[in-house]
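Undergrad: for reference, the sequence and a predicted model appear below.
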Amino acid sequence: MENYRAGLVTCAKEDRISNLPEHLIDSILERVPLEEAVRTSILSKNWRNVDFGASLCGPQISLPQLKKLSMYSCTNVSNFNIKATRIWSLAVFTCPGVMLLQLLHSPCISRFAIRDFVQGERMNLEWVLRNLPVIEALYIDGSSLKFLSAENIPKWLPHPVNSLKHLRLRNFEVGDLDQLHGALCLLRNSPNLKSSVIQLYMEPQVDVGLASNHLDTPNCLDYTLKQLQTVEIISLEGSGPELLFIKLLLAHSPSLESLTNRPSRDSDVQKRFDIAKDVMQFPRASTNAKMFYLDLEP
C-alpha cells in the first residue's frame, strides 16, 4: 500500500517534471492553465495542495492515458470533472468536498486509498464497493470508514467483493460502533482476502461498551475468512474491544499463517506482557498460525 505515492500520470518513460525542485514546479503550475496541464499530462507525479477552483468545471475532460491518480489536500474538488477509464490506482487524501463517484467510474481501479474523506455527495460503503469491481487492495482510514458506514449498510452486500485481497485500516477505532460495523462488513464480504494490516487508534474517554458487547455476541462475524493468511495489528493498547477483535479474527481464520502484534509506544513492559498472555490464550481456527510480538509500533 505504500506505493500509493506513485505517480499521477506516467505517459512518458522518463519523468523529468517530477524531478524538478518544488519551487520550479509551482512556478510552472502558476503559468499553465490547469485544464491544459491535465490534457498534456504535465502533472506527472502527484497533485498536492492544489486549489482547482473553476478550472475543471464544465465539460468533462477525457484523459484516456491516465493510469495513476493521487490527490493530496486539494481544494475546490467538487469541480473536478474528468473521464479516465484506464485508471488502476487512485488515492484521495484530505480533499474536502471531492465528488468521489465521479472518480470511481473506471472499471480498472485495482488499488484505492482514501483518507480524511469529507462529504462531497451522499454515499456509503456499499456504493463505493459497487463501483470497484476489480479492487485488489483497499486502504481506508477510520474517519472515512465511519462516514461511509454511518448509514445502515447491509450485513451482506448484494455482491461479494471477490477481487479484494489486501486490506489496510488506518487509525481504526474498534470501539466506535460505526467503524466496527464497516470493518466487519468488509471482512464478511471479501471471501478472497489474504492479508490485512490494521493500525488501531483509541479515542480517550470514549464509551466502548456497545462495541465490546457487539464483539462478544455469538455470530458477530458469522463468516469464515478462509483465505486470510497474514494479519498485522499496529498500535495495540490492549483494550477490551481490541482484544475481542483479535480473538474474532483468530477464531474465523483457518488458513492464518501469522498474526503480528505491535504494541503502542505508550504501553509499558507489563502491559505488553499482559497483551501477549491474553492473545496466546485465544482459540485459533488455524493450527499453523504463528504469533509475533514486536516491541513497538513502527
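TA: Sure thing, it's come through. Residues are numbered from 1 along each chain as shown.

Undergrad: what does stretch 249-257 contact?
TA: The contact list for stretch 249-257 (CB atoms under 8 Å, 6 or more residues apart in numbering) reads 221, 223-231, 259, 279, 282-286, 288-290. C-beta here means a position set from N, CA and C on the backbone, and glycine is covered the same way.

Undergrad: can you do 7 Å?
TA: Residues outside stretch 249-257 that contact it (CB atoms under 7 Å, 6 or more residues apart in numbering): 221, 223-231, 259, 282-286, 288-290.

Undergrad: kindly format the C-alpha coordinates of it as CSV.
TA: Extracted as CSV, the C-alpha positions of stretch 249-257 are listed here (Å, rounded to 0.1, in the frame of the first residue of the first chain):
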residue,chain,number,x,y,z
LEU,A,249,-10.0,-12.9,13.7
LEU,A,250,-8.2,-15.9,15.2
ALA,A,251,-11.4,-17.8,15.6
HIS,A,252,-12.5,-17.3,12.0
SER,A,253,-9.3,-17.7,10.0
PRO,A,254,-8.5,-21.3,9.4
SER,A,255,-5.7,-20.5,6.9
LEU,A,256,-4.0,-17.9,9.1
GLU,A,257,-0.2,-18.3,8.9
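
Undergrad: mind listing what's buried along it?
TA: Neighbour counts over stretch 249-257 (16 or more other CB atoms under 10 Å) mark 249, 250, 251, 252, 253, 254, 255, 256 as buried.

Undergrad: and for stretch 73-84?
TA: Applying 16+ other CB under 10 Å to stretch 73-84 flags 74, 76, 77, 78, 80, 82, 84 as buried.

Undergrad: one more: stretch 234-252?
TA: Buried-residue list, stretch 234-252, by 16+ other CB under 10 Å: 234-236, 238-239, 241-252.

Undergrad: which helix or strand lies directly C-terminal to the helix or strand harbouring residue 242?
TA: Element membership for residue 242, per DSSP states H and E: helix 240-251. Sequence order places strand 258-263 as the next helix or strand after helix 240-251, per DSSP H and E.

Undergrad: for that following strand, what is the distance to the chain centroid?
TA: Offset of strand 258-263 from its chain centre (CA atoms, centre = their mean, to the nearest Å): 19 Å.
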